[in-house]
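[1] predicted model and sequence follow; I will ask about them next.
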Amino acid sequence: MRTLSGIPIAAILAASLTTSCKQSASRPQLGELTKAAGSRTDKGLSGHNYTEAYERFLFQWKDDPIRLFEIGIEKGGSLGMWHDYFPKARIFGIDIEDKASMQNARTRTFIADQSKRDQLQKAIDSFGGDFDVLLDDGGHSMEQQQVSLGFLFKFVKPGGYYILEDIHTSLPQRYSGYGVEPGGANSTLAMIEGYVRGVPPRFESKYMLPEEKQYLNEQVEFANLNFRNNSLHSIMCIFKKKQGQ
């Protein structure tokens, strides 16, 4: 029988395989966020299937007491998904309508218009800042998306993520009525493309204040633009904030 330092090699291999299996079993399994989404939110398989991409960034925090802020509540399916996937998280949501009925021990809501900085500030005053994840699934107009990004990014923790959903509303040939001007220079998709193309990368937006654009230029570590070739032409972007110095 072949041995290594007096121990049978077969026994070493068996022990190694057992250890490897234990380590794999302890790791978060990708696919749980999509399962949590089910059909209650269009973030899952029944809609845009953003959850497949989100989980690759967020699974590292699955069992951590993170703080997650979402713009746009509608029927509450997304808040429920986050609540179930992150069992220790505090979940915060804003909507232009009263969604207080959806609150629970770990979930709070607030009435606010995402295109109004004063109302966003009131939400922050109520919730506090320092969010690990801040996600925009609100009204999807160019002004709403860009005002919210410019104003709220400073409330994302260093190393955290700002997720901007449904950027396909920048394509008026597919989705009309979201404020895209002729030529599309004011669109959110054009803003992101301009940031990527810039030397150095630069955010430009008619809806943002100069100090907001400067902060984004200095603090965004990367922009992960995600397009899914489906009937919805689903586009979203994940912005990561730089780690603290």
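    Great, that's in hand.

[2] for the residue nearest the centre of the chain, what are its contacts?
    Centrality entry for the chain: nearest residue to the mean C-alpha point is Ile163, 3.2 Å, by CA atoms, centre = their mean. Contacts for Ile163 (CB atoms under 8 Å, 6 or more residues apart in numbering) come out as 54, 133-136, 236-239. From N, CA and C alone the C-beta is placed, and that goes for glycine too.

[3] tell me how far it lies from Leu68.
    10 Å (CB to CB, to the nearest Å).

[4] now the common contact residues for the two.
    133-135.

[5] quick one, helices of the chain?
    9-26, 32-37, 51-58, 77-85, 117-127, 142-152, 188-197, 210-219 (DSSP state H).

[6] from those, which stretch is densest packed?
    helix 142-152 (a mean of 23; mean count of other CB atoms under 10 Å).

[7] between that one and helix 117-127, how big is the angle?
    50 degrees (axes from the mean of the first three to the mean of the last three CA atoms, to 10 degrees).

[8] hmm, back to that, and of the contacts of Ile163, the nearest to Asp64?
    Val133 (11.1 Å; CB to CB).

[9] the closest one contacts Leu68, doesn't it?
    Yes. Using CB atoms under 8 Å, Val133 is in contact with Leu68, at 4.5 Å.

[10] any stretches of this protein with poor pLDDT?
    1-28, 245 (pLDDT under 70).

[11] let me see the domain layout of it.
    1-29, 31-241 (automatic domain parsing).

[12] and the longest one, how far apart are its ends?
    It refers to domain 31-241. From its first residue to its last, domain 31-241 covers 25 Å (CA to CA, to the nearest Å).

[13] cool, and stretch 165-175?
    Terminal-residue distance, stretch 165-175 (CA to CA): 14 Å.

[14] how far is that stretch from where the chain is centred?
    Taking CA atoms, centre = their mean, to the nearest Å, one finds the center of stretch 165-175 at 18 Å from the center of the full chain.

[15] next one: stretch 201-211
    On CA atoms, centre = their mean, the centre of stretch 201-211 falls 21 Å from the chain's centre.

[16] buried residues in it?
    Along stretch 201-211, these residues count as buried under the neighbour rule (16 or more other CB atoms under 10 Å): 203, 205, 207-208.

[17] so how far is His168 from the residue nearest to Leu79 when sequence neighbours are not counted?
    Leaving out its chain neighbours, the residue that sits closest to Leu79 by CB to CB, 6 or more residues apart in numbering is Gly93, at 5.3 Å. Using CB to CB, Gly93 is found at 22 Å from His168.
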